[in-house]
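> Sequence below, structure please.
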Amino acid sequence: MDSISFETAPGPATAREPRIGIGHNEGPPLVESQWHLAAWRMAHKQAWDNPPVEVVRRRLKRAQALGMSYREYTLEILERGRYL
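Residues are numbered from 1 along each chain as shown. The predicted structure follows:
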């Protein structure tokens, strides 16, 4: 059975309300509109654009010293806003 079942709720025969399953918090949707989704995709792409070669080399050297991959190290920089 789905987490959302569209069985008729008790009440008027014309009123059909979805019955929410266990574990659903009935919160707002993750994406409010197509504009928000497009803005998020553009920001994500811009964040992962290739920096200058010198920056890539410095990040790669530091990532290897920490035992991380370049992608993991860059993700840490993007998430925390500071260098490790």
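
> any low-confidence regions in this structure?
Applying pLDDT under 70 to the chain flags residues 1-18, 20-30.

> What are the boundaries of the strands in it?
Remark: strands assigned in the chain by DSSP state E are 4-5, 19-20.

> The protein: helices as residue ranges?
Here the chain has its helices, by DSSP state H, at 34-47, 53-66, 70-80.

> and the direction of the second one versus that of helix 70-80, what angle?
When you say that, I think you mean helix 53-66. Angle between the axes of helix 53-66 and helix 70-80 is 100 degrees (criterion: axes from the mean of the first three to the mean of the last three Cα atoms, to 10 degrees).

> Who are the packing partners of helix 53-66?
Counting by 3 or more Cβ pairs under 8 Å, 6 or more residues apart in numbering; DSSP states H and E, the packing neighbours recorded for helix 53-66 are helix 70-80. All C-beta atoms are positioned from the backbone trio N, CA, C, and that covers glycine.

> Extract the C-alpha trace of the helix it packs on and format it as CSV.
The C-alpha coordinates for helix 70-80 follow below in CSV (Å, rounded to 0.1, in the frame of the first residue of the first chain):
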residue,chain,number,x,y,z
TYR,A,70,39.1,16.3,-4.6
ARG,A,71,35.3,16.1,-4.8
GLU,A,72,35.0,15.4,-1.1
TYR,A,73,37.3,18.3,-0.2
THR,A,74,35.5,20.7,-2.5
LEU,A,75,32.2,19.7,-1.1
GLU,A,76,33.5,20.4,2.4
ILE,A,77,34.5,23.9,1.2
LEU,A,78,31.1,24.6,-0.3
GLU,A,79,29.2,23.3,2.7
ARG,A,80,31.2,24.9,5.5
